[in-house]
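J.: no sequence on this one, just coordinates:
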């Protein structure tokens, strides 16, 4: 923030912090993100909200096991295991979401049952452990009618905190017109929509030496952001509060290409309809969480794209430990206030009913 006086008036300008500014507060940030070696934390130490934390609904677990797609990291995952990991690392609340491949694990016929079981199971976890968990509703997409019905049940009856969407549904991404009725309802509700990448039909295992998660997940997150922005869906439904996993994937590296494309649209006369506020404004409206994305080059790019109030902490537990993410943020060198904003403050504003959980008494 800079302040200047012109003509007797004080003007204040706010901008994203530079890498030099971020690193200047390194010692304070490391203290803020210090992770204990073990044991249950005192209530005063519990101050983090983890917005990327998976859970294992029973019907999904059975279907994934039967189809041979249950990731070994998920075996034995339950509330007790999550709470132990959370308490060890100072996490007050974890926002739960279903693992890949979600409700479609056994195909479209079973998807509504898997989604309903996941939502009711998550709601029970929240009720059984007050203040410790929030959750994202699972939908049986791409079935729009069933998804609209499940959305109403999850939000109006079970009181989900957010809605979980995948970055793609096989052959289309989130800006596709087929999702228009769902996006319209989400916009009307001012819903928080958490997105997680999954393998698209086009692009699985293109590099056989590495898992699809290494390249394609980040690429597909950028792909679905581009789909929303350049279809005009992001500007058409401005009240949806989008949260993108993994620091936006490869999107920060593609911003120059996004802005170049916007200039091409302007020259063609279509930008006013699709991007009335410009590319940068749309990208800055979005929220981004930091799971598996705390390497210095990744965070340096993210803080130049995202508003500082829109960066959230995510762990991707149980695929990564919570301490991995916290140590990565500390090593980057955020200043104390920004560190506290990422670990809890920004999430408290987004998930308002969990604002009181930070520092609450251990249960």
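T.: Sure thing, it's come through. Quick caveat: nothing in here was measured; it's all calculated off a predicted structure. Numbers count the residues shown, from 1 in each chain.

J.: Can you get me a residue count around residue 84?
T.: By other CB atoms under 10 Å, the residues close to residue 84 number 11. Backbone N, C-alpha and C define where each C-beta goes, glycine included.

J.: How much space separates it from residue 94?
T.: Note on residue 84: its distance to residue 94, by CB to CB, to the nearest Å, is 12 Å.

J.: Leaving aside the residues adjacent along the chain, what's closest to residue 289?
T.: Spatial nearest neighbour of residue 289, excluding adjacent residues (CB to CB, 6 or more residues apart in numbering): residue 314 at 3.5 Å.

J.: right, I mislabeled it, should have said residue 86
T.: Residue 86 sits nearest to residue 94 (CB to CB, 6+ apart), 5.8 Å away.

J.: Run me through the strand neighbours of the strand or helix carrying that neighbour, direction for each.
T.: Secondary structure from DSSP states H and E places residue 94 in strand 91-97. Sheet pairing of strand 91-97 (DSSP bridges) gives strand 48-54 (parallel), strand 133-137 (parallel).

J.: Run through the chain and note the low-pLDDT ranges.
T.: 1-46, 359-363 (pLDDT under 70).

J.: The longest helix anywhere in it: how far from the chain's middle?
T.: The single longest helix within the chain, with elements called by DSSP state H, is helix 212-231. Offset of helix 212-231 from its chain centre (CA atoms, centre = their mean, to the nearest Å): 13 Å.

J.: circling back: let's have the strands paired with strand 91-97 in CSV, adding mean neighbour count and distance to residue 197.
T.: Listed next are those as CSV, based on neighbours: other CB atoms under 10 Å; distance: least, CB to CB, whole Å:
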stretch, mean neighbour count, distance to residue 197
strand 48-54, 27, 11
strand 133-137, 28, 15
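
J.: The helix or strand following the strand holding residue 94 relative to strand 133-137, how many degrees between them?
T.: Next along the chain after strand 91-97, taking DSSP H and E as the criterion, comes helix 111-128. Relative orientation of helix 111-128 and strand 133-137, computed by axes from the mean of the first three to the mean of the last three CA atoms, to 10 degrees: 160 degrees.

J.: List the contacts of helix 111-128.
T.: Residues outside helix 111-128 that contact it (CB atoms under 8 Å, 6 or more residues apart in numbering) are 55, 57-60, 63, 79, 96, 98, 102-106, 133-141, 143, 146, 150, 153-154, 158-160.

J.: For ChimeraX, write a command that selects the buried ones of these.
T.: Entered in ChimeraX, the line below selects the buried ones among those, by 16 or more other CB atoms under 10 Å:
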select :55,57,59,60,63,79,96,98,102,103,104,105,106,133,134,135,136,137,138,139,140,141,143,146,150,153,154,158,160
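
J.: all helices for the stretch 201-350 of the chain, in order.
T.: Ranges of helices in the stretch 201-350 of the chain, per DSSP state H, counting those that start in this stretch, are 212-231, 233-236, 255-268, 271-274, 279-285, 296-305, 322-332, 336-340, 346-350.

J.: Dump those to a markdown table, plus distance to residue 178 and mean neighbour count.
T.: Shown next, in a markdown table, are these (distance: least, CB to CB, whole Å; neighbours: other CB atoms under 10 Å):
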| stretch | distance to residue 178 | mean neighbour count |
| --- | --- | --- |
| helix 212-231 | 11 | 21 |
| helix 233-236 | 11 | 20 |
| helix 255-268 | 22 | 13 |
| helix 271-274 | 18 | 14 |
| helix 279-285 | 21 | 18 |
| helix 296-305 | 28 | 18 |
| helix 322-332 | 34 | 21 |
| helix 336-340 | 39 | 19 |
| helix 346-350 | 27 | 21 |
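
J.: May I see these arranged in a markdown table, with distance to residue 112 as well?
T.: Putting the helices of the stretch 201-350 of the chain into a markdown table (distance: least, CB to CB, whole Å) gives the following:
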| stretch | distance to residue 112 |
| --- | --- |
| helix 212-231 | 23 |
| helix 233-236 | 25 |
| helix 255-268 | 36 |
| helix 271-274 | 34 |
| helix 279-285 | 32 |
| helix 296-305 | 36 |
| helix 322-332 | 32 |
| helix 336-340 | 41 |
| helix 346-350 | 28 |
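
J.: So what's the gap between stretch 325-344 and the chain middle?
T.: 17 Å.

J.: and what of stretch 255-266?
T.: Worked out by CA atoms, centre = their mean, stretch 255-266 lies 25 Å from the chain centre.

J.: Residues in contact with it: which ones?
T.: 226, 229-230, 251, 271-272, 274-275, 278-280, 283, 305.

J.: how does it look with 10 Å?
T.: 222, 225-226, 229-230, 248, 251, 254, 270-275, 278-280, 282-283, 301, 304-305 (CB atoms under 10 Å, 6 or more residues apart in numbering).

J.: Just give me the neighbour total for the residue nearest to residue 289.
T.: By the measure other CB under 10 Å, the count of residues near residue 314 is 30.

J.: Same check on residue 352?
T.: For residue 352, using other CB under 10 Å, the count is 10.

J.: now the one 4 residues further on
T.: When neighbours are counted by other CB under 10 Å, residue 356 registers 12.
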